[in-house]
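just need the structure, nothing else, for what follows:
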Amino acid sequence: MNSRVIRYKQLDQLRESFIEEALLLCKAGETFSVGKINVVTEQINELARLGVIPTRKKVTKEMVIDFVNRSK
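Sure, this is the predicted structure:
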């Protein structure tokens, strides 16, 4: 179980960095993708199916755009 928690923390940190990258690109008016975010999200959710680890929602482009617009 401990290895799952460690792997979760690694994946969650990677997911957050991909989200930050998408937010920065969106704020700059550049093209961005949520593909990498959701690949990691699916890996996190696979771990969650084994128990103990929380699931994460998949991210849409609209979610990123809405967050950027609310941050202005």
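
which non-adjacent residue is nearest the residue nearest to the spatial centre of the chain?
The centre of the chain sits closest to Arg15, judged by Cα atoms, centre = their mean, with a distance of 3.7 Å. In this structure, Arg15 finds its nearest non-sequential neighbour in Val40, 4.4 Å apart by Cβ to Cβ, 6 or more residues apart in numbering. Any C-beta I mention is one placed from the backbone N, CA and C, and that applies to glycine too.

so which strand or helix has the one you found?
helix 35-49 (DSSP states H and E).

pull out the buried positions in that helix.
By neighbour count with 16 or more other Cβ atoms under 10 Å, helix 35-49 contains the buried residues Lys36, Ile37, Asn38, Val40, Thr41, Gln43, Ile44, Asn45, Leu47.

which of the residues you listed sits closest to Ala22?
Ile37 (6.5 Å; Cβ to Cβ).

check whether the closest one really touches Arg15, as I assumed.
Yes. Between Ile37 and Arg15 there is a contact under Cβ atoms under 8 Å: 6.0 Å.

identify the residues contacting Val64.
Each residue near Val64 by Cβ atoms under 8 Å, 6 or more residues apart in numbering is listed here: Ile19, Ala22, Leu23, Cys26, Phe32, Val34.

element containing the second one?
Element membership of Ala22, judged by DSSP H and E, is helix 2-27.
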